[in-house]
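Engineer: Coordinates for the following, if possible.
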Amino acid sequence: MNTWIQMIFYFGTLLILTRPLGTYMAKVYQGERLILDLVLGPVERFLYRLSGIDPRSEMTWKTYAVAMLLFNIIGLIAVYLLQRLQGFLPLNPQGLGAVSPDSAWNTAVSFATNTNWQGYGGEMTMSYLTQMLGMTVQNFVSAATGMAVMLALIRGITRHTTKKIGNFWVDMTRSVLYILLPLSLVLAMALVSQGVVQTFSEYQTATSLQSGETQLIAVGPAASQVAIKQLGTNGGGFFNVNSSHPLENPTPFSNFFQMLSILLIPAALCYTYGKMVGDTRQGWALLAVMTIVLVALLGVAIWSEQNGNPMFNEMGIDQVQSATNPGGNMEGKEVRFGIVNSSLWATVTTAASNGSVNSMHDSFMPLGGLVPMWMIQLGEIIYGGVGSGLYGMLAFVIIAVFVSGLMVGRTPEYLGKKIEAYEMKMASIIILIPVMVVLIGTAVALMSEAGRTTIFNPSAHGFSEVLYAFSSAGNNNGSAFAGLGANTPFYNIALGIAMLIARYWLAIPVLAIAGSLANKKKIPASAGTLPTHTPLFIVWVIGVIIIVGALSFLPALALGPIVEHLMIFG
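Structural biologist: The predicted model follows:
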């Protein structure tokens, strides 16, 4: 009963907030009057004047793509230099030195691409200045980049006979100023009220009451980074153990706030999409697809973890649930959160390309670990990253519409636009590139000495750790099966390349689709038009997603978590 109550409360709260936030974001993107205009309007106009941007000037998809790439390259270089020079810069009370070149490269790429893969321990590696000016700033602008690309695609769907899809600088600026900053401020204040640290003080020394030994307690400006890492589906923790750290996630309330914020914007963007295309049923249909898949896989994760580990029974460990024992497989989980909240977070964070953790995925049971891995491998479209999840889902919708049109002998249409060979080619690239990156990257790592050297777990589980690492990087998630030693030149460079390809080789085809659709004529709906808001279409899209995910990764999963499950229970 407790499991059901927690799940209903979480998803109920999420769905209640979807409509008001989605409506607000639609107003932001459509340029309607807002209460925040009084405060943020002058700031927005000042930024345009300072940058020499004409907010009324719109771009073709190619110009939009170039602007996006240039901005992200500059951010990547800035984060790299910050890490390399942090020993000479202020706000470094612990005197931390320069980050190694390969780790700095990996981290710079990771935060620029909204992946936030971390091969380092934050409190042991990064100064306060690097955490704030590098990581936190990238958390905002990388999230805004995904939202801008999504917005360009929506304009491509709604406009007709034009080559213009908006202005990247305006879309990104408004995403940061009117959406990400206000929400982050509210969440950061809520987290501080729960005990998440926010200070520039040096690390604190505490004396143990039991042994009398001293311990160095890492602190820092964590709450401000935690807020945007969750809202922007970034996920990079201020501390090494991420949101399982008591100073980053101290209470059940902070745990709930953070889990809610991970899916909040991706869910609300579905409603925003419906508002902007003039039919909110379209947005609700996409949200239904996402939620059905998420809840189904969440059930598998909770079931797997609550059933426990038979090897623990052989050791005499009690796994029976009682008033004093949570029961099940509690390895790698915080006692204060338990199995349900740990499994819920693991499923949510991998559905949303967030990657933050409040438990160690590497310690989940094989099928429990398969769930977050497969959520990532589906392409981070089940909610997905802010913006990127929705445009990834729309690529699957294009595939579903195209295939259904061929089945009935009609020219495929979606919201008044013909879906032709060009759109199908771009959508195929969006779907296939992450699959290639994951499988080729995993194969190279397993065939090379440098890749095998830091696989510390034998057999199927070691394979799963490598597969998870490249799945995470190749889909811009950032979480890990932490038993793999990934902070090495080989993995830092290889995973960095995977993250770059997964982000930009997908964003550019999305913009190409936006430009192509915007240039088409709008076709009025007819009796033969496929309705794309019905339960039948929802089931069809789910089927396409599952089939593509199963065909792409089932052989690899069979070598990892599936065979490991059979080895334990067979």
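Engineer: can you tell me the average pLDDT over the helix ranked longest in the chain?
Structural biologist: The residue-count maximum for a helix in the chain (DSSP state H) belongs to helix 489-518. Across helix 489-518, the average pLDDT comes to 97.
Engineer: same deal with stretch 23-36?
Structural biologist: Stretch 23-36 comes out at a mean pLDDT of 95.
Engineer: how about that stretch as PDB, C-alpha atoms only?
Structural biologist: Extracted in PDB, the C-alpha atoms of stretch 23-36 (Å, rounded to 0.1, in the frame of the first residue of the first chain):
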ATOM      1  CA  THR A  23       0.500  27.300 -20.300                       C
ATOM      2  CA  TYR A  24       3.000  29.700 -18.800                       C
ATOM      3  CA  MET A  25       5.800  28.500 -21.000                       C
ATOM      4  CA  ALA A  26       3.600  28.800 -24.100                       C
ATOM      5  CA  LYS A  27       3.000  32.400 -23.200                       C
ATOM      6  CA  VAL A  28       6.800  32.900 -22.800                       C
ATOM      7  CA  TYR A  29       7.600  31.500 -26.200                       C
ATOM      8  CA  GLN A  30       4.700  33.200 -28.000                       C
ATOM      9  CA  GLY A  31       5.700  36.600 -26.700                       C
ATOM     10  CA  GLU A  32       2.600  37.200 -24.600                       C
ATOM     11  CA  ARG A  33       2.500  39.600 -21.700                       C
ATOM     12  CA  LEU A  34       3.800  38.200 -18.400                       C
ATOM     13  CA  ILE A  35       3.900  39.500 -14.800                       C
ATOM     14  CA  LEU A  36       7.700  38.900 -14.900                       C
END
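Engineer: Identify the residues contacting that stretch?
Structural biologist: For stretch 23-36, the external contacting residues (CB atoms under 8 Å, 6 or more residues apart in numbering) are 151, 154, 171, 174-175, 178-179, 182, 265, 268-269, 271-272, 275-276. For every residue, glycine as well, the C-beta is placed using N, CA and C.
Engineer: just those now: which is nearest Gln138?
Structural biologist: Relative to Gln138, the closest of the contacts of stretch 23-36 is Ser175; by CB to CB it sits at 14.0 Å.
Engineer: wait, what's in contact with that closest one?
Structural biologist: Val28, Ala143, Ala144, Met147, Ala148, Leu151.
Engineer: Within the helices and strands, which one has it?
Structural biologist: Using DSSP states H and E, Ser175 falls within helix 168-175.
Engineer: could I have that helix exported to CSV, CA atoms only?
Structural biologist: Taking Å, rounded to 0.1, in the frame of the first residue of the first chain, the C-alpha atoms of helix 168-175 are listed here in CSV:
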residue,chain,number,x,y,z
PHE,A,168,18.3,31.1,-31.4
TRP,A,169,19.5,33.9,-29.2
VAL,A,170,16.0,35.1,-28.3
ASP,A,171,14.8,31.5,-27.7
MET,A,172,17.7,30.7,-25.4
THR,A,173,17.6,34.0,-23.5
ARG,A,174,13.9,33.7,-22.8
SER,A,175,14.2,30.1,-21.7
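Engineer: What's the first helix or strand after that helix?
Structural biologist: helix 181-193.
Engineer: list the helices and strands that following helix packs on?
Structural biologist: In terms of contacts (3 or more CB pairs under 8 Å, 6 or more residues apart in numbering; DSSP states H and E), helix 181-193 is packed against helix 222-231, helix 252-277.
Engineer: now it: how far from the chain's centre is it?
Structural biologist: 20 Å (CA atoms, centre = their mean, to the nearest Å).
Engineer: For it, which outside residues touch it?
Structural biologist: 36, 140, 198, 223-224, 226-228, 230-231, 254, 257-258, 261, 264-265.
Engineer: Repeat the analysis, applying 7 Å as the threshold.
Structural biologist: Leu36, Gln198, Ala223, Ser224, Val226, Ala227, Ile228, Leu231, Ser254, Phe257, Ser261 (CB atoms under 7 Å, 6 or more residues apart in numbering).
Engineer: top of those by neighbour count?
Structural biologist: For the contacts of helix 181-193, counting by other CB atoms under 10 Å, the largest number of neighbours falls to Val226: 35 neighbours.
Engineer: ok so, going back, ok, so of the contacts of stretch 23-36, who is nearest Met290?
Structural biologist: Leu269 (10.7 Å).
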